[in-house]
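Chemist: predicted structure and sequence below. I'll ask about it afterward.
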Amino acid sequence: MRIEEYKFGSFRIDGKQYLDDIKIISGRVKFWQTRERHILKIEEMRDLIESNPEAIIIGTGASGFLQVSPEIRDEIMRKRIPLFVDKTEQACKLFNEFIQK
């Protein structure tokens, strides 16, 4: 799996275009169900956290406006999952690096 392109509101992953914000869990692309525009809450991350990934990478949007709640950070830290938070363009690059390794 590789994120080939990211543009505001759009991702191309393995040749397929996604026209909304996404999350990738265990190699599957999912769309956010209830996410508020600039605030990420624990309920919206539960499926990702419970999948026990090797790391969690959160893209905060093109401008970096998305806020990750302290509750999410605390839960991820408690589970000892490495967490990386950056603007989405950088997050996509980091995701590809992790996948390549």
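Modeler: That came through, no problem.
Chemist: SS state for Asp20?
Modeler: Classification of Asp20 by DSSP: H, G, I helix; E, B strand; the rest coil places it in coil.
Chemist: residues in contact with Lys87?
Modeler: Gly59, Thr60, Gly61, Ala62, Ser63, Gly64 (Cβ atoms under 8 Å, 6 or more residues apart in numbering). For glycine as for every other residue, the C-beta is placed from the backbone atoms N, C-alpha and C.
Chemist: need the residues you listed in TSV (columns: secondary structure).
Modeler: Converted to TSV, these look like this (three-state DSSP):
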residue	secondary structure
Gly59	strand
Thr60	coil
Gly61	coil
Ala62	coil
Ser63	coil
Gly64	coil
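Chemist: who wins on neighbours among the residues you listed?
Modeler: Most neighbours among those, by other Cβ atoms under 10 Å: Gly59, with 24 neighbours.
Chemist: tell me what that one is bridged to.
Modeler: Asp86 (DSSP bridges).
Chemist: so who does it touch?
Modeler: Going by Cβ under 8 Å, 6+ apart, Gly59 touches Tyr6, Leu66, Asp86, Lys87, Thr88, Glu89, Gln90, Ala91, Cys92.
Chemist: ok, it to Arg78 distance?
Modeler: 22 Å (Cβ to Cβ, to the nearest Å).
Chemist: equivalent analysis for Ile57, please.
Modeler: Ile57 is 18 Å from Arg78, where distance means Cβ to Cβ.
Chemist: between these two, which is the more surrounded one?
Modeler: Higher neighbour count among Ile57 and Arg78: Ile57, with 20 against 9, using other Cβ under 10 Å.
Chemist: that one should be in a strand, yeah?
Modeler: Yes - Ile57 sits within a strand when classified using three-state DSSP.
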